[in-house]
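Peer 1: Structure for the following, please:
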Amino acid sequence: MELVTEAIVIEGEEVRADVLRLGRLALFWSTPDRGRVGAWSPADGTWITLPRGEHRVVLLAMDMAARTRPIEVIALPLGRIEP
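Peer 2: The predicted model follows:
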């Protein structure tokens with residue numbers, strides 16, 4: 001698990017975001033104010049915005065990666081994993 005800050009393009013707009021990498025499994029992003037949260041869509045090759053109901057678990061995972069929250073088991077929206 002790794003958390004970095006970088007510029008990414010979301011819906012044609014360049015945004016400064018915190019990006020959470022879960023190995024080779026998934027990439028999630030959040031704006032610094034945590035108002036927008038999303039993920040990398042390998043099918044489309046773009047950064048997408050996640051529904052509001054999935055923000056909480058992604059932000060919890062980011063807090064764990066930043067070591068500001070104890071590690072716990074959570075269910076992240078990973079979608080379908082293809083070989």
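
Peer 1: in what helix or strand does the residue nearest the centre of the chain lie?
Peer 2: Nearest to the mean C-alpha position of the chain, by CA atoms, centre = their mean, lies F28 at 1.5 Å. According to DSSP states H and E, F28 maps onto strand 26-30.

Peer 1: isn't there a strand covering G53?
Peer 2: No. The assignment for G53 by DSSP: H, G, I helix; E, B strand; the rest coil gives helix, which leaves it out of any strand.

Peer 1: okay, now it: neighbour count?
Peer 2: Neighbour count for G53, taken as other CB atoms under 10 Å: 8. To be clear about C-beta, it is placed using only N, CA and C from the backbone, and glycine gets the same treatment.

Peer 1: Now A17: which helix or strand?
Peer 2: Taking DSSP H and E as the criterion, the element that holds A17 is strand 13-22.

Peer 1: Next, the buried residues of that strand.
Peer 2: Across strand 13-22, burial judged by 16 or more other CB atoms under 10 Å covers V15, A17, D18, V19, L20.

Peer 1: for it, packing partners?
Peer 2: Here strand 13-22 touches strand 2-10, strand 26-30, helix 55-65, going by 3 or more CB pairs under 8 Å, 6 or more residues apart in numbering; DSSP states H and E.

Peer 1: which of the ones you listed is buried the deepest?
Peer 2: strand 26-30 (a mean of 21; mean count of other CB atoms under 10 Å).

Peer 1: got the contact list for whichever helix or strand comes after that one?
Peer 2: The helix or strand immediately downstream of strand 26-30 is strand 37-41, counting by DSSP H and E. Strand 37-41 is contacted by residues 10, 26-31, 46-50, 54-55, 58-59, 77 when judged by CB atoms under 8 Å, 6 or more residues apart in numbering.
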